[in-house]
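Colleague: sequence? don't have it. structure:
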């Protein structure tokens, strides 16, 4: 089964979770080694700018997901 | 109850506050440890570039929220 | 009264000023201490990359404001 | 045959893969030397911020691809 | 007279020039001292990343200008 | 003749090439000295983050070009 069967979600919060998933999947596809990714976690999880950068990627994906769901109106 | 029940707000200012909330929630979900986040606060709150980066994330979310509210027209 | 009663402006130039205001307000809300912000000013006002980063945030908000005003057509 | 015959894909997941391809092609066209690109891989594949930056480019392209496919609705 | 009377231009090339102007005006409004800006010029004009960052701001404004002109279709 | 007579292209691949051209032109207009630009090339062509940043600018322009061409549907 696909990890991304659809961009539709039942609520804005689920849409936000999907945006986070999309941001992480691009990282995972670029660096598929789980151990290598885990090793980097302390670097960015304790660095304010790294977290802000990650939050920006989520924001960009959330635009897409929100539009796909017609803003859950 | 969901932390994000809707993207609709009654005014542009509330929409801006929601954009700030969305930017922070992505950080909180990535680094859920409150103490770890508090420890980083002085780093970015006193660094102009960090604040500009955070402002950029807010701007991206504000695009989404403004569109969801049809620009409060 | 709200600091952001509306996204409508009477001209593109006023829209640009509003975009600058939006970029600054996100910084102000994140770092509400006026003295702390003033102290950082020389850092970014004399650094080309900091100014470019700030200009990027304005550009993102200007997209929103221009769209809200139907590009002042 | 073109490396980019169309922006249409049959599913969101294929659309995501296309977004990754678009992000990589811009790098490849700017630095066409395969050896030079391979040499840089360890640099960014083990650096959290580099991966986040790459994920942001994918997010930007995914917006385009999702729109081209009317969000696979 | 306003420095930005309209977002309409007669051609894509003029639209691109307007995008460059918008990117520069945000810098000028943030740092209005001409001498301070001139002093920074060698820093970014000889730094590849600075130029790429500036090019990104232009790209964001060009989206707005192109949309305002209905892509000069 | 204009270097940018139109945003219309006959295919997505040509649209991608146009996006790359737009990204480079903003750099060229900011730093018109060919020798200065050539001197910087090794800096960014062998730096993964510089290439990712350049790829992001292309992605932003590609959004514009794709929209101008109605996604070549």
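Modeller: Everything's here; your move. This structure is a prediction, so every number in the text was calculated from the model and none was measured.
Colleague: which of the helices or strands spans the nearest residue to residue A:46 once chain neighbours are set aside?
Modeller: Residue nearest to residue A:46 in three dimensions, not counting chain neighbours: residue B:36, with 6.1 Å by C-beta to C-beta, 6 or more residues apart in numbering or on different chains. Yep, even glycine has a C-beta here, placed from its N, CA and C like the rest. In this assignment (DSSP states H and E), residue B:36 forms part of helix B:34-45.
Colleague: neighbouring contacts of that helix?
Modeller: The contact list for helix B:34-45 (C-beta atoms under 8 Å, 6 or more residues apart in numbering or on different chains) reads A:45-49, A:51-52, B:27-28, B:31, B:50-51, B:54, C:30-31, C:36.
Colleague: mind doing that once more with 7 Å?
Modeller: Applying C-beta atoms under 7 Å, 6 or more residues apart in numbering or on different chains, the contact partners of helix B:34-45 are A:46, A:48, A:49, B:27, B:31, B:50, B:51, B:54, C:30, C:31.
Colleague: re the thing from before, just give me the neighbour total for the residue nearest to residue A:46.
Modeller: 12 (other C-beta atoms under 10 Å in any protein chain shown).
Colleague: same thing with residue A:38?
Modeller: Residue A:38, neighbours per other C-beta under 10 Å, totals 9.
Colleague: before we move on, what about the one 3 residues further on?
Modeller: Residue A:41: 12 surrounding residues under other C-beta under 10 Å.
Colleague: just the one 5 residues further on next, same as before
Modeller: Neighbouring residues of residue A:46 were enumerated by other C-beta under 10 Å; the total is 16.
Colleague: any idea how far residue C:61 is from it?
Modeller: 30 Å (C-beta to C-beta, to the nearest Å).
Colleague: rewinding a little: now the residue nearest to residue A:46: how far from residue A:47?
Modeller: 10 Å.
Colleague: repeat for residue A:21
Modeller: 22 Å.
Colleague: between these two, which is the more surrounded one?
Modeller: residue A:47 (18 against 15).
Colleague: in contact with the more buried one, which residues?
Modeller: Residue A:47 neighbours (C-beta under 7 Å, 6+ apart): none.
Colleague: got the contact list for stretch A:18-26?
Modeller: So stretch A:18-26 is contacted by A:3, A:9, A:54, A:57-58, A:61-62, A:65, B:26, B:29, D:20, D:54-55, D:58-59, D:62 (C-beta under 7 Å, 6+ apart).
Colleague: so which of those residues are in strands?
Modeller: Nothing among those maps onto strands, per DSSP state E.
Colleague: give me the buried entries from these.
Modeller: A:9, A:54, A:57-58, A:61-62, A:65, B:26, D:20, D:54-55, D:58-59, D:62 (16 or more other C-beta atoms under 10 Å in any protein chain shown).
Colleague: what is the most widely separated pair among those residues?
Modeller: Distance extremes for these: the farthest pair is A:9 and D:54 at 24.9 Å, using C-beta to C-beta.
Colleague: which one of the contacts of helix B:34-45 is nearest residue D:16?
Modeller: Using C-beta to C-beta, the contacts of helix B:34-45 come closest to residue D:16 at residue B:27, 23.6 Å.
Colleague: who's in contact with that closest one?
Modeller: A:51, A:55, B:37.
Colleague: what does residue A:59 give?
Modeller: Contacts of residue A:59 by C-beta under 7 Å, 6+ apart are B:22, B:23, B:57, B:60, B:61.
Colleague: repeat the analysis, applying 8 Å as the threshold.
Modeller: A:19, B:22, B:23, B:26, B:57, B:60, B:61, B:64.
Colleague: can you check residue A:3 too?
Modeller: Applying C-beta under 8 Å, 6+ apart, the residues near residue A:3 are A:25, D:13.
Colleague: hmm, back to that, which of the contacts of helix B:34-45 lies closest to residue A:72?
Modeller: Using C-beta to C-beta, the contacts of helix B:34-45 come closest to residue A:72 at residue B:27, 22.6 Å.
Colleague: in chain A, which spans are helices?
Modeller: A:12-30, A:34-45, A:48-68 (DSSP state H).
Colleague: and the angle for the shortest one with helix A:12-30?
Modeller: Going back to what we said before, that points to helix A:34-45. Comparing the axes of helix A:34-45 and helix A:12-30 via axes from the mean of the first three to the mean of the last three C-alpha atoms, to 10 degrees yields an angle of 120 degrees.
Colleague: in helix A:34-45, what counts as buried?
Modeller: Here helix A:34-45 shows A:37, A:40, A:44, A:45 as buried, counting by 16+ other C-beta under 10 Å.
Colleague: which two among those are spaced furthest apart?
Modeller: Counting by C-beta to C-beta, the most remote pair of the buried residues of helix A:34-45 is A:37 and A:45, 11.7 Å apart.
Colleague: point to the helix or strand of chain A where mean pLDDT is at its lowest.
Modeller: helix A:34-45 (a mean of 94; mean pLDDT, DSSP states H and E).
Colleague: what angle do that helix and helix A:48-68 make?
Modeller: 110 degrees.
Colleague: from residue A:55, how far off is the residue nearest the centre of chain A?
Modeller: For chain A, residue A:20 is the residue whose C-alpha lies nearest the centre (C-alpha atoms, centre = their mean; 2.2 Å). Distance, residue A:20 to residue A:55, using C-beta to C-beta: 10 Å.
Colleague: give the residues shared as contacts by those two.
Modeller: Applying C-beta under 8 Å, 6+ apart, one finds that residue A:20 and residue A:55 are jointly contacted by B:26, B:30.
Colleague: okay, now the unreliable bits of chain A?
Modeller: Within chain A, no range satisfies pLDDT under 70.
Colleague: same thing but at 90, please
Modeller: Residue ranges of chain A with pLDDT under 90: A:1, A:43.
Colleague: most distant residue from the centre of it?
Modeller: Ranked by distance from the centre of chain A (C-alpha atoms, centre = their mean), the top residue is residue A:73, with 22.3 Å.
Colleague: show me what contacts that one?
Modeller: Neighbours of residue A:73 in contact, by C-beta under 8 Å, 6+ apart: B:8, B:68.
Colleague: quickly note the distance from it to residue A:22.
Modeller: 22 Å.
Colleague: ok, residue A:35 next?
Modeller: 23 Å.
Colleague: what of residue A:72?
Modeller: 17 Å.
Colleague: who's more crowded, these two?
Modeller: residue A:22 (26 against 20).
Colleague: roughly how far does the more buried one sit from residue B:22?
Modeller: Residue A:22 is 15 Å from residue B:22, by C-beta to C-beta.
Colleague: next one: residue A:65
Modeller: Where residue B:22 is concerned, residue A:65 sits at a distance of 12 Å (C-beta to C-beta).
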